[in-house]
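K.L.:
Got a sequence here, can you build the structure:
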Amino acid sequence: MRSFAALVKNNLRISILHKPVSFLLMTIAPIIVLLIASKVVSYSSSMVNIGLADGDHSLVSEAVTRIVGGLDGITVFDMNENEVEAGFQSNKINVALVIGDGFQDGLLNNTIENIRVIGNEEQNVYTLLQAILKNHLLNLRNLGKISGGDAAVFEQSVDNYIATSEYVEKSSLNDLYTEYNNSNIFLGFLILFVFFNSSAIANVVNVDRERNIYARIFLSPAKVWMYYLSNVVCNLTIAAFQIGFAVLGMEYLTDTSIGVEPGMLFLILFLTALVAVALGTFYVSVTEESDAASMISNFANLLFVILGGCFIQVELFPDVINTISYISPARWAMAAILNLQQGLGPADVSGMLALLGGMAVVILTVSIFITSKREKRFRSLA
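P.N.:
As a prediction, the model looks like this:
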C-alpha cells in the first residue's frame, strides 16, 4: 500500500503542482461565470403573456389559476382551449396553461392529469412555470391522497391550503427566471470543466508512456493495477474538491439559489464526475498517444455536454437528437437536478443516480478489459 500511496501522491503532484494555473482556473471558473452571469446577464419577463384555459372550473383549478396570478411580470389572458393555438400564432401569448375537465377528480384519485403547460420554443419561460406549478401540484395530489377519496374533505383541505400556503404571495417571474437560468449556466460550465479536467488527468498515463516512465513500473514494487487505480483515485479526489468548492462557493459567495440541497447537489455532480473519470480512462485505453486521446476526449466530452442539455434545453432538440441524448450522463444529471428543483425528493431521482453509477461501472469495466489485453501484449514484448 505504500507504493500505491506514493503513486497517488505523485499523480496529485503532477496534476496540481505542475499545472497550478490550470488547476486554479478549473476550480474557480464556475463561480466566476456565475458571478458574471448574475451581474451582467438578465432576462426580461415583461413580455410574458400567459393564456389560461380552465376547462375544469373546479375549486382546485381555481387554486392553480391563483398561483399563476400570484406571479408579477406577466399578463394573464383567459381563453378557451381552442383559442390557444390562435393566441400563439398572433403572438398574443407565449405560454399557455390548459386545465382539462377531470383535473380535480384526478388529484382526488392520486394522479396529476388533464393539465398542460405549452410553451413557445423561442422562449423557455414555460419550463420555469412548469417547475413552479409542479411543486404545488404534488402538494395538492398529497391532499387528495390523505382525503381518502372524499371530495368534501379534499375541498376543505384545499381551502386550508389556500389560506395557509405562501403561494399567494407575489413573486417576480423575472427574478425567478433569471435565477433559474443563471444556476443552469453555472451547472453547465461546472459539468463541462469536470469532463475536460477528468480526461486531462487520465491522459497522464499516455504522457508517461511517451516519456518512457510507464515502462519503469515493471521494474518497481508497484503493480500495474496500482498505477491505473492511483490515477482514478487522484482524478476523483480533484473532482470532489473542485465540485465541493463550486457548490459551497455558490451557496455562500453568490446570491443565486439553485433550489437543491448542497449535499444532494454534490452527490449528483460527484456521480457525474465518476462517469467522466471512467470516460477519461476509456479514452486512454483505446489510444497510445496523448494527442490522440486529447482529440477524441475533447470532441466526445463536448458532445456529451451539449447533448446533456447543459447549454441548450433538450426540449428544443429534434426528436431524433432528443432520443440520442439519453446516452449522455450529463442529461441524467441535469434531469435529476431539474426534478429536485421541481419539488421531487431524493427517492424520486434515485433511479437516475443509480444509472449514473452503473454507467461508470460499465465504462470502467470495458476500460479494464481493453487495458488488460494491452498489458499482456506489452509484457510479451518486454
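K.L.:
got the domain boundaries for the protein?
P.N.:
The record assigns the chain these domain ranges, following automatic domain parsing: 2-40+176-381, 48-169.
K.L.:
export the ones you listed to a markdown table and tack on mean pLDDT and mean neighbour count?
P.N.:
Heads up, the C-betas are built off the backbone N, CA and C, glycines and all. Converted to a markdown table, those look like this (pLDDT from 0 to 100; neighbours: other Cβ atoms under 10 Å):
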| stretch | mean pLDDT | mean neighbour count |
| --- | --- | --- |
| domain 2-40+176-381 | 84 | 18 |
| domain 48-169 | 82 | 17 |
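K.L.:
Give me the contact list for the strand ranked longest in the chain.
P.N.:
What stands out as the longest strand in the chain, according to DSSP state E, is strand 48-54. With Cβ atoms under 8 Å, 6 or more residues apart in numbering as the test, strand 48-54 has contacts from 61-62, 65, 68, 73-81, 83-84, 87, 92-99, 123, 125, 129, 173.
K.L.:
What is the helix or strand following that strand packed up against?
P.N.:
Note on strand 48-54: by DSSP states H and E, the next helix or strand toward the C-terminus is helix 59-69. The elements that helix 59-69 packs onto, with contact taken as 3 or more Cβ pairs under 8 Å, 6 or more residues apart in numbering; DSSP states H and E, are strand 48-54, strand 74-78, strand 95-99, helix 103-108, helix 125-146, helix 151-164.
K.L.:
Which of those sits closest to residue 365?
P.N.:
Closest approach to residue 365 among these (Cβ to Cβ): helix 125-146, 36.2 Å.
K.L.:
I'd like to know which elements the closest one is packed against.
P.N.:
In terms of contacts (3+ Cβ pairs under 8 Å, 6+ apart), helix 125-146 is packed against helix 59-69, strand 95-99, helix 103-108, strand 115-119, helix 151-164, helix 173-202.
K.L.:
And these: which comes nearest residue 14?
P.N.:
With distances scored as Cβ to Cβ, the stretch of the helices and strands packed on helix 125-146 nearest to residue 14 is helix 173-202 (8.6 Å).
K.L.:
about what we covered before: pull the longest strand of the chain out as PDB, backbone CA atoms only.
P.N.:
The C-alpha coordinates for strand 48-54 follow below in PDB (Å, rounded to 0.1, in the frame of the first residue of the first chain):
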ATOM      1  CA  VAL A  48     -44.600  37.100 -20.900                       C
ATOM      2  CA  ASN A  49     -48.200  36.600 -21.700                       C
ATOM      3  CA  ILE A  50     -49.900  33.500 -20.400                       C
ATOM      4  CA  GLY A  51     -53.100  32.100 -21.900                       C
ATOM      5  CA  LEU A  52     -55.200  30.400 -19.200                       C
ATOM      6  CA  ALA A  53     -57.800  27.900 -20.400                       C
ATOM      7  CA  ASP A  54     -59.700  26.400 -17.400                       C
END
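K.L.:
got the angle for it vs helix 125-146?
P.N.:
Strand 48-54 runs at 30 degrees relative to helix 125-146, counting by axes from the mean of the first three to the mean of the last three Cα atoms, to 10 degrees.
K.L.:
strand partners of strand 48-54, parallel vs antiparallel please.
P.N.:
strand 74-78 (parallel), strand 95-99 (parallel) (DSSP bridges).
K.L.:
Distance to residue 181 added to the ones you listed, as CSV?
P.N.:
Listed next are the strands paired with strand 48-54 as CSV, based on distance: least, Cβ to Cβ, whole Å:
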stretch, distance to residue 181
strand 74-78, 16
strand 95-99, 16
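K.L.:
Alright, that wraps it up for me.
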